[in-house]
Structures are given as structure tokens and as C-alpha cells.
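# I would like to see how this sequence folds:
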Amino acid sequence: MAGLTHMLLLVGVIGALLPLDVVGAPSGTSERYQVLTVTPQTEDDVQTLHLIKTNPNLEVSFWTYPGAAGQAVDLMVSSSRLKQLQKHLEKGNFTTEVKIENVEELARQQMAGSSRPSEIASLGLQPTGFDYGKYHTYQEIFYWTRNITDAYRKMTRLHHLGMTFEGRWIHGIQISTALQRDTSNAALRPALYFQAGMHAREWIGPATIMFMTASLLDQYGTDKDVTTLLDTFDVFIVPLVNADGYAYTWTSEPNARAWRKTRTNNTGSDCVGVDPNRNFAVKFADEGASQDPCSDQYCGPFPFFAVEVYNVAQFLVSQPGVSIKGFIDFHSYSQLWMTPYGYTKELPPDYKAQLEGCNESIASLKAVYGTEYQCGSIANVINYLSSGSSADFTYIKLNITYSYGVELRDAGKYGFLLPPDQIIPSGTETLAGLVTYGLFVKGKLP
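Purely as a prediction, here's the structure:
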């Protein structure tokens, strides 16, 4: 831990010397985008997909990534590049279908208001008037963190993790029922940590985690399991890690809605951004990460290069007296609840216990609406490697045994463009899984 703290401090000094000017966004166009599901039939086809992914002239945005023959891949392409892409695909034995005909139309629907305002109002969640049934801008999420901690000031604290590359605050919420009794001992309990919004385009993550936060606070003292959970653990929640990237996805810039990375400047390259989930100090720049600044899986020049990642790691190691026993990083999409490792298909020594917690969590989740999730280690479930991830970092470096990466709704019909009417169902079922997860971790405490 001392070595890690030294690295974080060193990176913080280096980061302070980096230029703070932000690369200007390109001007808007009337380009049309669609999402295709492409299935490679042979290993040569898989390699063709990798070549397409690294071809800057095609400008294809991969929503899921190539794994093995027979494993479908979702990718987004513009109307002006579609014929070029088809020429590459015709060289192989791919099956192709149009998944989303008009990305712009679905994106507009996502940005619209709640489709079920009366139902949302009947929930009675704080802060009063906040619509949990719609997607919110960065600014709205920023004020929500302040308003909900003000509404529950006796059992919450607002934490400032730091600022993003472009100067936006990253806020965290601490739920601690001990604050109501003894503020001096409020930080001495075991803790759980949940975050979302690492990848900019995954809007359902912040929306789901905000709904779960409000529900936990609302149900404390009335729901037995929620009360037990919050009387056992302090809960830290960071609803939006990659605030710059998320804010960019709300702009009208071409292809902005599919943006994944941060908005960090990369020295020597016109390409912007780092994949924050490849930038942690664990198996850094190993297989499953790219060293090409133009790749959406670019790991950065060194660990914690992305200030957002540095802020999260620093926050995790700097809470006085806190022993974090559980960690979940919420992403989308595919409906997966995954254990370490991401960097290798070998299973971790704690896999049996981790899998037990996963299976119990997704059983509770499924009991709500019947939504099917899959358990397993990251590399085995997604069938490709991902080094430098948050779950591997917290498990390997911080010794948080019950570290998971969760991919929320859906299974692929809408992908990142999940309609607003699925936010409350996603939050409701995921909360059931989350509470079961917390009680499972409680049962493992010494």
C-alpha cells in the first residue's frame, strides 16, 4: 500500500504539470449513423474485425469488441463509411444485421423527458422534484449530489474526489447511519464502494446508481434488509467518474453520443482521451489495452495518467480508518456480473467465494422482473482480455476480495441507447441484487 500511495503522489505531481488546454471539438455534420451486429465465422474473420477497429479511415465505433469466432460484435458506422465497411466484410464469412437503424433518433429520445412522470412522482424519492425516470446532464447530476446529501444531511456526507481534466467536479456520496449517533466513529466501520460513469456513453450506469442511492436512503428504517445493510456498512457512491466524456456525449458533435474515453489531451497526438478502465496500475499496458492514442481502449502513457482515475484511486486509499470490503464498478451493456480477472483467463484464488456472491446477487436481481444476468470472471465472460481495469486494481492492489464489474441492461437490443422507460426497472432490479450482495459481504466479515 505504501508503494501504491507513493505512485499516486508521484502521478499527482506529474499531472499538475500537464497542459490544461482542451482540444477543440470538431464541427457538427448531418451524418447518419446506424449500429450493425456482425458475427465472424472464422478466426480470420476475427482478425479482420481487429483490422477494421484500428483503421482510422473507416471511423467505426465498436460498441462490443471482437472475441472469438461465432461471437457477435456490435459496431456503429456512418452512412458515408458504410460501403467501405461492407467491402471489408465481404472478404470474409460474416453474418450481418442492422440492430439500430437510426442512432440519432434513439439518442434524441434518451435526452427527452420521462415517459412516466406520474409513476416517478409516486415513488416519493428525495430530492423532491428530481425525475429518476430520465437521463440527466452532468450539471443536473452535480446538483443532485448536493441536494440529496442536503436532504439526508444526518446520514450522508458529500465528498469532492477532485476535478476532471476539463475542470468538472467529481462528487462522491457517503451514506453512514453512524453519523446520526457518533460522528467521531463514523468512519471506523467496514465500507462498500460503488461507482458508475467510467465510460462516457454508458448513460444507464449513472441513472441506475442515482436511483439506487435515493432508494437506499428512502428505505432505511422501513426495509429490513436495507436497514441491516446500512447499519453494517458505510456506503460510498460515485455516480459519475468520467464527467468530461459524459458531458461530451450530450453535445451535437458528430459521433459524440458513442464517445467512450475521457477528454484528456494526448501529447504528440491529435486524438483525445484515455480509456479510464485501462489506466489503473495493475497489469498496465498489457494485452487487452491499446497504446494507440486514437484507440477507444487507449491505456495512456502511464498508470493514473487520466486525472479521473487518479482521483478515484487516491480516494479509495485515503479514507481514514475505512476498510473497504466490497467494490462494484457499474457499466453497460450485456447484463453481466463479473469477478476479476480481466487481464487473464486464469481464475483468481478467491473465485469460488466471488462466484458465490455473484450468483446470489443475480438471483435476487432476476426475481424482480426475470432479467437474466451471467456470472463469471471478466476475461472469460466477455471472451477477451482487458488489462488495467478498476476491478483488477481493487482486488489485486487494494485486497478487496469482493470486487466486481457489472454490465447493466440491456442484452443488446438498444445497447448504449437504452430508453428512459427502462431506468426505473434497471434501478429496481439492480438494487435488489446490490442489497443481496451487501448482505453476502456482511456474512463474510470476521
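# ok, residue 200 - contacts?
Neighbouring residues of residue 200 by Cβ atoms under 8 Å, 6 or more residues apart in numbering: 242, 244, 245, 246, 248, 249, 259, 260, 261, 262. For every residue, glycine as well, the C-beta is placed using N, CA and C.
# mind listing the helices in the stretch 101-250 of the chain by residue range?
Using DSSP state H, counting those that start in this stretch, the helices of the stretch 101-250 of the chain run over 103-111, 117-123, 138-151, 204-219, 224-232, 243-249.
# Just name the most buried of these.
helix 243-249 (a mean of 27; mean count of other Cβ atoms under 10 Å).
# Moving C-terminal from that helix, which element do we reach first?
Downstream of helix 243-249, the first helix or strand assigned by DSSP states H and E is helix 307-317.
# if we can go back for a sec, what's the closest of the helices of the stretch 101-250 of the chain to residue 180?
helix 224-232 (10.5 Å; Cβ to Cβ).
# Tell me which other helices or strands the closest one touches.
helix 204-219, helix 423-443 (3 or more Cβ pairs under 8 Å, 6 or more residues apart in numbering; DSSP states H and E).
# quick one on the thing from earlier: can you redo the helices of the stretch 101-250 of the chain as JSON lines with mean pLDDT and distance to residue 405?
Converted to JSON lines, the helices of the stretch 101-250 of the chain look like this (pLDDT from 0 to 100; distance: least, Cβ to Cβ, whole Å):
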{"stretch": "helix 103-111", "mean pLDDT": "93", "distance to residue 405": "23"}
{"stretch": "helix 117-123", "mean pLDDT": "71", "distance to residue 405": "28"}
{"stretch": "helix 138-151", "mean pLDDT": "98", "distance to residue 405": "21"}
{"stretch": "helix 204-219", "mean pLDDT": "98", "distance to residue 405": "11"}
{"stretch": "helix 224-232", "mean pLDDT": "98", "distance to residue 405": "21"}
{"stretch": "helix 243-249", "mean pLDDT": "99", "distance to residue 405": "18"}
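# any chance of those helices in CSV, plus distance to residue 52?
Listed next are the helices of the stretch 101-250 of the chain as CSV, based on distance: least, Cβ to Cβ, whole Å:
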stretch, distance to residue 52
helix 103-111, 18
helix 117-123, 41
helix 138-151, 32
helix 204-219, 27
helix 224-232, 45
helix 243-249, 23
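# Setting the sequence-adjacent residues aside, check what's closest to residue 322.
The spatially closest residue to residue 322, leaving aside those adjacent along the chain, is residue 191, at 4.9 Å (Cβ to Cβ, 6 or more residues apart in numbering).
# OK, contacts around that neighbour?
Residue 191 sits in contact with 233, 234, 235, 236, 319, 322, 323, 324, 325, 326, where contact means Cβ under 8 Å, 6+ apart.
# pretty sure the fourth one is touching residue 194, no?
Yes: taking Cβ atoms under 8 Å as the contact criterion, residue 236 and residue 194 are neighbours in contact, 7.2 Å apart.
# any idea what the residue nearest in space to the middle of the chain is structurally, helix, strand or coil?
Against the mean C-alpha coordinate of the chain, by Cα atoms, centre = their mean, the closest residue is residue 331 at 3.3 Å. Going by DSSP: H, G, I helix; E, B strand; the rest coil, the secondary structure assigned to residue 331 is strand.
# Ok, residue 76 next?
Per three-state DSSP, residue 76 ends up strand.
# Partner strands of the one helix or strand residue 403 maps to and their direction?
Element membership for residue 403 (DSSP H and E) is strand 402-408. Using DSSP bridges, the strands paired with strand 402-408 are strand 323-332 (parallel), strand 336-339 (antiparallel).
# Need the winner for burial among those strands.
Mean neighbour count (mean count of other Cβ under 10 Å) peaks for strand 336-339 among those, with a mean of 26.
# In PDB, please show the C-alpha coordinates belonging to that one.
What follows is strand 336-339, C-alpha atoms only, in PDB (Å, rounded to 0.1, in the frame of the first residue of the first chain):
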ATOM      1  CA  LEU A 336     -23.100  -9.400 -16.800                       C
ATOM      2  CA  TRP A 337     -21.900  -9.600 -13.100                       C
ATOM      3  CA  MET A 338     -18.200 -10.300 -13.300                       C
ATOM      4  CA  THR A 339     -15.400 -11.100 -11.000                       C
END
